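S.K.: Based on what follows, work out the 3D shape:
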Amino acid sequence: MQRSAASLMRSLHGLFPVYKPPGFTWKNVRDTLQMKLLKELNSIKRCSSSQPLLFLPEGSEGSSGVELAKVVTCVASLPKEIPSLPSLVNHELVKGPAYNWLKIGVGHKLDRLSSGVLVFGIRDGAKLLSSMYENHYTRDYTVCGTFGKATADFTDGGKIIEKTTFNHITRDKLERIIAMIQGSNQKAMLTHSHIDLKSQEAYDLAVQGKLRPKVKTPPLILGMRCLEFSLPDFTLEIQCMHETQQHLRKTIHEIGLELRSTAVCTKVRRTRDGPFTLDSALTHVHWDVDSLCRAIKECKASVEEMYKENIDLFLQNAKAEELLTSDVRSQ
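M.R.: The predicted model follows:
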């Protein structure tokens with residue numbers, strides 16, 4: 001049984017991930033998604049709730065003779081032999097499309113050259129994006145690079161400003177530089193966490209893998225490892241937070257400089273954004289109402305967990321503020 005457009009609209013509330021291909025901005029993806037959903041909702045046949053009416057002439061005797069007046073009559077009450085006209089009250093050309101706009105919010109954005117998981121919130125789900133932002137989730141990227149040249153914008157399609165040799169680079173040297181970058185960022189993460197590292201709270205968070213800053217910080221790389229190495233190309237897996245895709249490209253450039261060479265970034269692909277992974281992301285062929293409803297339902301558990309973490313964070317901040325206030329009063 002086909003569901004009505006109003007019933008489908010009631011189901012479109014929540015968060016869901018989509019796959020953004022390279023070469024498109026996040027605005028292009030959002031507008032295309034919105035256009036497809038509105039087109040599908042408006043294509044569903046509307047149920048006519050009004051009773052079709054027919055204006056029939058009726059004669060009556062007056063002072064000047066027989067007068068004709070138009071009387072409104074229900075079609076259902078007319079004899080079958082009298083032809084009736086269809087009601088055009090709810091026709092699309094008369095009333096217009098039922099849905100003209102959908103509220104769709106976007107999470108942590110991807111630039112035009114990047115691809116991967118992009119989280120959207122539809123209707124009331126757009127409000128949940130602020131909770132996702134306040135949780136300061138980590139994100140995973142697969143970043144590819146090529147040694148031997150440097151460009152003005154750190155991409156392989158940018159203006160070349162330098163070419164260098166790279167035959168002296170080995171995987172061991174690359175992994176040493178990766179460990180150095182990871183160590184310096186780990187130290188910065190502990191500084192921004194504002195937690196006593198000798199406390200039980202710090203130990204519990206470290207065991208759960210949740211020891212991370214709870215405030216906005218500069219871009220931090222929490223983990224990095226080499227997946228593939230075949231000169232001049234290499235592939236890294238990077239776990240980070242508060243990053244931009246341009247910062248990741250600049251990191252590839254800096255790795256090349258540390259290895260006495262140069263490097264450019266050839267691909268940036270986000271594989272995870274908080275609890276949302278690439279496996280659950282909808283490709284463009286699945287940008288329809290039914291697929292979105294299923295994706296929102298599948299992500300419901302992740303959203304509930306996000307709410308729980310947000311409440312825990314609020315209680316931790318309230319407790320810290322209360323302790324700070326009591327210390328000030330005691331002084």
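S.K.: C-alpha from now on. contacts and neighbour counts both.
M.R.: OK.
S.K.: shaky segments in the stretch 51-200 of the chain?
M.R.: Across the stretch 51-200 of the chain, the ranges flagged by pLDDT under 70 are 51-92, 194, 196-197.
S.K.: Tell me which stretches of it form strands.
M.R.: 53-62, 65-74, 104-106, 115-122, 139-147, 149-151, 160-163 (DSSP state E, counting those that start in this stretch).
S.K.: Run the chain-centre distance for the fourth one.
M.R.: Offset of strand 115-122 from its chain centre (C-alpha atoms, centre = their mean, to the nearest Å): 2 Å.
S.K.: for it, which positions count as buried?
M.R.: Taking 16 or more other C-alpha atoms under 10 Å as the neighbour-count basis, strand 115-122 is seen to contain the buried residues Ser115, Gly116, Val117, Leu118, Val119, Phe120, Gly121, Ile122.
S.K.: so how far is Trp101 from the residue lying closest to Ser11 once chain neighbours are set aside?
M.R.: Closest residue to Ser11 in three dimensions, ignoring its sequence neighbours and counting by C-alpha to C-alpha, 6 or more residues apart in numbering: Cys293, at 6.3 Å. Using C-alpha to C-alpha, to the nearest Å, one obtains 18 Å as the distance from Cys293 to Trp101.
S.K.: between those two, who's got more neighbours?
M.R.: Cys293 (19 against 10; other C-alpha atoms under 10 Å).
S.K.: The more buried one reaches Leu15, doesn't it?
M.R.: No: counting by C-alpha atoms under 8 Å, Cys293 sits too far from Leu15 to count as a contact (10.0 Å).
S.K.: joint contacts of the two?
M.R.: Residues touching both Cys293 and Leu15 by C-alpha atoms under 8 Å, 6 or more residues apart in numbering: none at all.
S.K.: quick one, what contacts the most centrally placed residue in the chain?
M.R.: Nearest to the mean C-alpha position of the chain, counting by C-alpha atoms, centre = their mean, stands Val119 at 1.5 Å. Val119 makes contact with Leu15, Phe16, Pro17, Val18, Val106, Gly107, His108, Asp273, Phe276 under the criterion C-alpha under 8 Å, 6+ apart.
S.K.: Closest to Trp26 out of those?
M.R.: Within the contacts of Val119, distances to Trp26 taken as C-alpha to C-alpha reach their minimum at Val106, with 8.2 Å.
S.K.: Helices of the stretch 101-250 of the chain, start to end?
M.R.: Secondary structure of the stretch 101-250 of the chain (DSSP state H, counting those that start in this stretch): helices located at 128-134, 171-193, 200-208, 245-258.
S.K.: tell me what the shortest one is packed against?
M.R.: Under the contact criterion of 3 or more C-alpha pairs under 8 Å, 6 or more residues apart in numbering; DSSP states H and E, helix 128-134 touches strand 14-20, helix 300-330.
S.K.: Which of these comes out lowest on mean pLDDT?
M.R.: Ranked by mean pLDDT, the helices and strands packed on helix 128-134 end with helix 300-330 at the bottom, a mean of 58.
S.K.: In the stretch 201-331 of the chain, where is pLDDT below threshold?
M.R.: Scanning the stretch 201-331 of the chain for pLDDT under 70 picks out 201-203, 205-211, 307, 309-331.
S.K.: can you do 90?
M.R.: For the stretch 201-331 of the chain, applying pLDDT under 90 flags the ranges 201-218, 222, 274-275, 298-331.
S.K.: sorry, back to before: just give the nearest non-adjacent residue to the residue nearest to the centre of the chain, would you?
M.R.: Pro17 (4.3 Å).
S.K.: for Met241, same thing?
M.R.: Spatial nearest neighbour of Met241, chain neighbours left out: Thr138 (4.8 Å); criterion: C-alpha to C-alpha, 6+ apart.
S.K.: circling back to that earlier point, nearest to Gly157 among the buried residues of strand 115-122?
M.R.: Ranking the buried residues of strand 115-122 by separation from Gly157, with C-alpha to C-alpha as the measure, puts Ser115 on top at 16.0 Å.
S.K.: That closest one contacts Arg269, correct?
M.R.: Yes: assessed by C-alpha under 8 Å, Ser115 is found in contact with Arg269 at 4.8 Å.
S.K.: need the contact list for Thr146.
M.R.: When the contact criterion is C-alpha under 8 Å, 6+ apart, the partners of Thr146 are Leu231, Pro232, Asp233, Phe234, Ala263, Val264, Cys265, Thr266.
S.K.: Excluding chain neighbours, give the residue nearest to the third one in space.
M.R.: Meaning Asp233. What sits nearest to Asp233 in space, not counting adjacent residues and going by C-alpha to C-alpha, 6+ apart, is Thr146, at 4.5 Å.
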